[in-house]
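here's my sequence, what's the structure:
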Amino acid sequence: MELQKMNGHSREDGFEGLDGMAEHEEFLPHKTGVKKELHFTDFEGKTSFGMSIFNLSNAIMGSGILGLAYAMSNTGIILFIILLLFIAILSAYSIHLLLRSAGVVGIRAYEQLGNRAFGPPGKMLAACIITVHNIGAMSSYLFIVKSELPLVIQAFLSKHENTGEWFLNGNYLIIIVSCLIILPLATMKQLGYLGYTSGFSLSCMVFFLISVIYKKFNILCPLENEYHNITPTAVTHSASNGTDDFCEAKLFTINSQTSYTIPILAFAFVCHPEVLPIYTELRDPTKKRMQNVANISILAMFIMYLLTALFGYLTFYGAVESELLHTYIQVDALDVLMLCVRLAVLVAVTLTVPVVLFPIRRALLQILFPDKGFSWAIHISIAFCLIFLVNLLVIFVPSIRDIFGLIGATSAPSLIFILPGIFYIRIVPEDQEPFWSRPKIQAACFATLGFVFMVMSLSFIIIDWATGESRSGGGH
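Purely as a prediction, here's the structure:
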């Protein structure tokens, strides 16, 4: 038997042949009169079903929600709904592949699945992709804090311009936010403890959604100074369609920006590095129970994404900005409700950073300390170093948007499509599912689809770099 090592504990890999039981049996099985063994972690999973949903939903929810109304303006309502539903279903299927692979070998770490599938190179590849992607996501969240928090403070103080006070300096503010909020949360031992902050973060985004719906019935179209309130891209879009009528909902449309929609939506559903850590800490864990957590989380985010995009688009139509909040500020910079919404979004993205940090730390532990048990010193040191690195990126790299685009175009398709597909093909034994069986053929097609998305996204970025045109906002 091959020995698997996880968090400093060795265990026999006795899960071959148990795949058919994965749907119904617990990974931490009970034996009559015997204390439950802890195979996967140094603690028993205690996170409730509801808290797990909060954590996974918070991991899915990203800053990309601010760009979905703009994406709808470039696809039309019907095409957007079709694409959003398509990506949501594919994301749920991807999680199914991950959980099925984990069920065969009894592993609940993305990096260890890579090790089981391709040995040390597979483990290193998975860990590097997770690290790069999540560092990019953390940086994007802190960039929002850096750019938006000074403006919110300035508006609440009724200042018409930034006069240079330290509390209006974005660099100082992200350091303060990182030290007072993010670092303490990131040093918690278990991801499950963040369920409460994740719930609060999601409530902030629900407030954002309610405000978007409310504003639909309070902002009349056409807007005053219509062309002053739209981006150059929107003007180009109008000219290319040969119309100046922004107050008309399009059910189906295709333009030069439509091709960005699929990558934006795909990135908006990236949560896969967090799936297995959340699974590890789930109380009474079974594959079916965790799949239900994933399905409910994806459904909830599908509804939030759809309603935000729909009501945001139906408020501004062709005049919607690539960042939805910016469009409201253009209409009325002193709108108290929208200032509160901006503050709520800031709180939401700030509380998401610690959730995103956990998979990076786990990946680094798998690479640097694969055989070492839990250590508070290592646990806190990695969190501190990661937050310090991300702060440096946000402060000193002004043109990081293109770097994020390059990272997102490669890591997101890898995490959603390519790795789950090829892991499934390699890990599930051929005596259970032959190579030419329908499930493995589906997994192969799924991985191929990821390669197509990657090539397509990279092509868009290279074309934009070559032509100097601005990309639409989005990403996770």
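
OK, contacts around residue 441?
With contact set as C-beta atoms under 8 Å, 6 or more residues apart in numbering, residue 441 has no partners. Where you see a C-beta, it was placed from the backbone N, CA and C, and this is true even at glycine.

how about the helix or strand it falls within: buried residues?
Per DSSP states H and E, residue 441 falls inside helix 438-467. Residues 439-440, 443-444, 446-447, 449-450, 453-454, 457-458, 460-461, 464 are the ones in helix 438-467 that count as buried (16 or more other C-beta atoms under 10 Å).

which of those sits closest to residue 255?
Nearest to residue 255 out of the buried residues of helix 438-467 is residue 460 (C-beta to C-beta; 13.8 Å).

pretty sure that closest one contacts residue 262?
No: taking contacts as C-beta atoms under 8 Å, residue 460 lies outside contact range of residue 262: 10.1 Å.

what's the local residue count around residue 429?
Neighbour count for residue 429, taken as other C-beta atoms under 10 Å: 12.

can you get me a residue count around the nearest residue to residue 169 once chain neighbours are set aside?
Distances taken as C-beta to C-beta, 6 or more residues apart in numbering place residue 150 nearest to residue 169, at 6.9 Å, with adjacent residues excluded. By other C-beta under 10 Å, 19 other residues sit near residue 150.

give the buried residues for the one helix or strand residue 150 maps to.
In this structure, residue 150 is located in helix 120-156 according to DSSP H and E. Across helix 120-156, burial judged by 16+ other C-beta under 10 Å covers 122-127, 129-146, 148-155.

for the buried residues of helix 438-467, which one is nearest residue 286?
Residue 286 has its nearest neighbour among these in residue 439, at 19.6 Å by C-beta to C-beta.

next one, pLDDT for the closest residue to that closest one other than its chain neighbours please.
Ranked by C-beta to C-beta, 6+ apart and with sequence neighbours excluded, the top spatial neighbour of residue 439 is residue 433, at 5.5 Å. You'll see residue 433 listed with a pLDDT of 80.

equivalent analysis for residue 14, please.
So residue 14 comes in at 38 (pLDDT).

ditto for residue 474
The model's pLDDT for residue 474 equals 44.

residue 165 too?
Per-residue pLDDT puts residue 165 at 80.

neighbours around it, how many?
13.

I'd say residue 289 and residue 47 touch.
No: the pair residue 289 / residue 47 is not scored as a contact, 11.5 Å apart, by C-beta under 8 Å.

between the two, what contacts are shared?
Shared contacts of residue 289 and residue 47 (C-beta under 8 Å, 6+ apart): residue 282.

tell me which of the two has more neighbours.
The neighbour comparison of residue 289 against residue 47 (other C-beta under 10 Å) goes to residue 47, with 23 against 16.

show me the strands in the stretch 1-150 of the chain, by range?
With DSSP state E, counting those that start in this stretch applied, the stretch 1-150 of the chain shows strands at 3-6, 9-12, listed in chain order.

all helices for the stretch 101-250 of the chain, in order.
Assigned by DSSP state H, counting those that start in this stretch, the helices in the stretch 101-250 of the chain fall at 110-118, 120-156, 170-177, 183-186, 195-216, 232-241.

to residue 278, which of these lies closest?
Among the helices of the stretch 101-250 of the chain, the nearest to residue 278 by C-beta to C-beta is helix 195-216 (9.5 Å).

picking that back up, who's in contact with the residue nearest to residue 169?
162, 168, 169, 170, 173.

pLDDT score assigned to the fourth one?
Going back to what we said before, that points to residue 170. Per-residue confidence at residue 170 stands at 86 (pLDDT).

equivalent analysis for residue 139, please.
Per-residue confidence (pLDDT) for residue 139: 86.

gap between it and residue 167?
Going from residue 139 to residue 167 by C-beta to C-beta, to the nearest Å gives 22 Å.

poorly predicted segments of the stretch 301-450 of the chain, please.
The stretch 301-450 of the chain contains residues with pLDDT under 70 at 333-334, 398-405, 408.

could I get the full set of helices for it?
Counting by DSSP H, counting those that start in this stretch, the helices of the stretch 301-450 of the chain are 324-331, 336-368, 376-396, 400-413, 419-427, 438-467.

who wins for proximity to residue 252 among these?
Comparing the helices of the stretch 301-450 of the chain by C-beta to C-beta, helix 438-467 comes nearest, at 20.5 Å.

so the closest one versus helix 419-427, what angle?
Going by axes from the mean of the first three to the mean of the last three C-alpha atoms, to 10 degrees, helix 438-467 is angled at 140 degrees with respect to helix 419-427.

how much distance is there from helix 438-467 to the middle of the chain?
Relative to the centre of its chain, helix 438-467 is centred 18 Å away, using C-alpha atoms, centre = their mean, to the nearest Å.

what's stretch 355-368 in contact with?
By C-beta under 8 Å, 6+ apart, stretch 355-368 touches 55, 58-59, 109-112, 123-124, 126-128, 130-131, 134-135, 137-138, 141, 182, 186, 191, 194, 198, 273-274, 277, 372, 378-379, 382-383, 386-387.

circling back to that earlier point, tabulate the contacts of residue 150 (JSON lines), appending neighbour count and distance to residue 348.
Formatted as JSON lines, these follow (neighbours: other C-beta atoms under 10 Å; distance: C-beta to C-beta, whole Å):
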{"residue": "162", "neighbour count": "13", "distance to residue 348": "24"}
{"residue": "168", "neighbour count": "18", "distance to residue 348": "22"}
{"residue": "169", "neighbour count": "14", "distance to residue 348": "22"}
{"residue": "170", "neighbour count": "19", "distance to residue 348": "18"}
{"residue": "173", "neighbour count": "20", "distance to residue 348": "16"}
